[in-house]
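Visitor: everything below, folded, please.
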Amino acid sequence: MGCDCVFVEETLGAYLVAREQVIAVLGAKIAQAQIGSDEALVYLKRIFCDNARQFFGL
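Guide: Numbering: from 1, shown residues only. Next up is the predicted model:
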């Protein structure tokens, strides 16, 4: 996740909005039985943690 934030408060705001949107989309997918809750948790972990770790070699 990236953005052109100047201040740390903007970064937090961008993160909170992104988190809200991703949770809404995954929640809709679960409600429509397109994915399970365990799969949704894997996606959340990848999006907000593991992808950056892998990309930056952390």
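
Visitor: from here on, contacts and neighbour counts on C-alpha atoms
Guide: OK.

Visitor: low-confidence stretches in the chain?
Guide: 1-3 (pLDDT under 70).

Visitor: helix or strand right after the helix ranked longest in it?
Guide: Of all segments of type helix in the chain, defined using DSSP state H, the longest is helix 8-31. Next helix or strand after helix 8-31 toward the C-terminus (DSSP states H and E): helix 37-45.

Visitor: what packs against that following helix?
Guide: Secondary-structure packing of helix 37-45 (3 or more CA pairs under 8 Å, 6 or more residues apart in numbering; DSSP states H and E): helix 8-31.

Visitor: which helices and strands does the helix it packs on pack with?
Guide: helix 37-45.

Visitor: in the helix it packs on, what's buried?
Guide: Across helix 37-45, burial judged by 16 or more other CA atoms under 10 Å covers Ala40, Tyr43.

Visitor: which element follows that helix toward the C-terminus?
Guide: As assigned by DSSP H and E, the chain's next helix or strand after helix 37-45 is helix 51-56.

Visitor: related to what we said a few turns ago, what sits up against the longest helix of the chain?
Guide: Residues outside helix 8-31 that contact it (CA atoms under 8 Å, 6 or more residues apart in numbering) are Cys3, Cys5, Ile35, Gly36, Ser37, Ala40, Leu44.

Visitor: count the residues that sit near the closest residue to the fifth one other than its chain neighbours.
Guide: This points to Ser37. Spatially, and ignoring its direct neighbours in sequence, Ser37 is nearest to Ile30 (6.4 Å; CA to CA, 6 or more residues apart in numbering). For Ile30, the number of neighbouring residues by other CA atoms under 10 Å comes to 16.

Visitor: what is the most widely separated pair among the contacts of helix 8-31?
Guide: Maximum pairwise distance among the contacts of helix 8-31 (CA to CA): 34.0 Å, between Cys5 and Gly36.
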